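Novice: give me the fold of what follows.
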Amino acid sequence: MATQFSKLLGSRIRYFRKLNGLTQEKLAEKLGIETQTLAHIEIGKNLPSLSRLPLIAECLNIEVFQLFIKREVSSDSDMREAIIELLKSADDLQLRLIYDLIGNVLDLSAKH
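Specialist: Numbers count the residues shown, from 1 in each chain. Down below sits the predicted model:
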């Protein structure tokens, strides 16, 4: 039975699979599972085993935790709007940390 959690995890796997330009067949082959099994995972019908999550993340060039967070945006303008919405919910300490983080990222990227 598909739960909200299994649907979220499946959609994250599908998102990163597509981001990496992999077909279901190719990712299933890398994972050592049937294509139909991966299809069921991606729609939330099945959950992958916990022991398989590190391999899934490795094949998708991500960290395991990224399978469990959802912050997808389709364009730069959508991303800007999403950032503004996130900032509206931040408290003073979080805003200071975010400000420092953004400053550091911009400083580092300017050096390259």
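
Novice: okay, CA-based contacts and neighbour counts for the rest of this
Specialist: Will do.

Novice: tell me the average confidence for stretch 31-51?
Specialist: Mean pLDDT, computed over stretch 31-51, is 95.

Novice: residue 3 and residue 48, how far apart?
Specialist: Residue 3 sits 13 Å away from residue 48, going by C-alpha to C-alpha, to the nearest Å.

Novice: more neighbours: the two, which one.
Specialist: It is residue 48, of residue 3 and residue 48, that has more neighbours when counted by other C-alpha atoms under 10 Å, with 17 against 12.

Novice: could you find the closest non-adjacent residue to that one?
Specialist: With sequence-adjacent residues excluded and distances taken as C-alpha to C-alpha, 6 or more residues apart in numbering, residue 48 is closest to residue 41, at 6.7 Å.

Novice: following the helix or strand of the chain with the lowest mean pLDDT, which helix or strand shows up next?
Specialist: The helix or strand of the chain with the poorest confidence is helix 76-88; it has a mean of 80 (mean pLDDT, DSSP states H and E). Using DSSP states H and E, the helix or strand that follows helix 76-88 towards the C-terminus is helix 92-110.

Novice: would you mark the buried spots in that next one?
Specialist: Neighbour counts using 16 or more other C-alpha atoms under 10 Å place no residue of helix 92-110 among the buried ones.

Novice: same question for it, mean pLDDT?
Specialist: Per-residue scores along helix 92-110 average to 89.

Novice: show the average pLDDT along the helix or strand where residue 18 lies.
Specialist: Per DSSP H and E, residue 18 falls inside helix 4-19. Per-residue pLDDT values across helix 4-19 average out to 90.

Novice: check the offset of it from the chain's centre.
Specialist: Here helix 4-19 is found 8 Å from its chain centre; the criterion is C-alpha atoms, centre = their mean, to the nearest Å.

Novice: now swap in stretch 17-25 and tell me
Specialist: 13 Å.

Novice: hang on, the earlier thing: just checking, what packs against the helix holding residue 18?
Specialist: Helices and strands touching helix 4-19, by 3 or more C-alpha pairs under 8 Å, 6 or more residues apart in numbering; DSSP states H and E, are helix 35-42.
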